[in-house]
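*Asks:* following is a predicted model, sequence given first.
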Amino acid sequence: MIQDAVALQSKPRILICGSQIFGRDAKDMSTVVNSLIEIDESGVAWITGTNTKVCEVVVDTLAHGSSPDEIHFQYPHLSLAQIHAALSFYHLHRTQMEAEIQQCWLEANKLAEDEYKSPFHQRLREIKENQ
């Protein structure tokens with residue numbers, strides 16, 4: 001038990017307090033923000049223990065007006081606590097999160113455009129037009 005407490009104390013952590021971030025090692029982006037949200041090496045916020053990014057939950061809320069209960073229906077592997085933590089993280093870091101969402105949207109549009117121009121899709125369109 002004491003060894004676990006010592007191990008936890010030695011790990012760098014970031015504590016969110018209002019809009020400021022405090023921690024022993026704020027440079028280590030893989031530190032745990034709290035028990036429900038963590039930041040990876042790339043600076044992306046993830047819901048701890050899942051393969052779900054915070055921005056995925058936020059986009060459902062922004063795009064569809066989904067409530068936490070509706071999000072839980074769409075992501076049954078997430079607890080309501082995890083969903084509320086993701087939304088709280090978004091509100092604490094709104095500027096950064098909106099920039100990340102905008103960047104993802106631009107990248108998705110670029111990929112879709114590139115896919116549309118691919119030789120495979122061009123050939124499919126030709127076949128469809130000739131039918």
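*Replies:* Everything's here; your move.

*Asks:* and the longest helix anywhere in the chain, what's buried?
*Replies:* What stands out as the longest helix in the chain, according to DSSP state H, is helix 94-116. Going by neighbour count (16 or more other C-beta atoms under 10 Å), the buried part of helix 94-116 is Met97, Glu100, Ile101. C-betas here are computed from N, CA, C, even on glycine.

*Asks:* so can I have CSV of these showing distance to Gln122 and pLDDT?
*Replies:* Formatted as CSV, the buried residues of helix 94-116 follow (distance: C-beta to C-beta, whole Å; pLDDT from 0 to 100):
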residue, distance to Gln122, pLDDT
Met97, 37, 90
Glu100, 33, 86
Ile101, 31, 87
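
*Asks:* would you list those residues in CSV and tack on distance to Pro119?
*Replies:* Formatted as CSV, the buried residues of helix 94-116 follow (distance: C-beta to C-beta, whole Å):
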residue, distance to Pro119
Met97, 37
Glu100, 32
Ile101, 31
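
*Asks:* of these, which is the nearest to Asp40?
*Replies:* The nearest member of the buried residues of helix 94-116 to Asp40, counting by C-beta to C-beta, is Glu100 at 12.2 Å.
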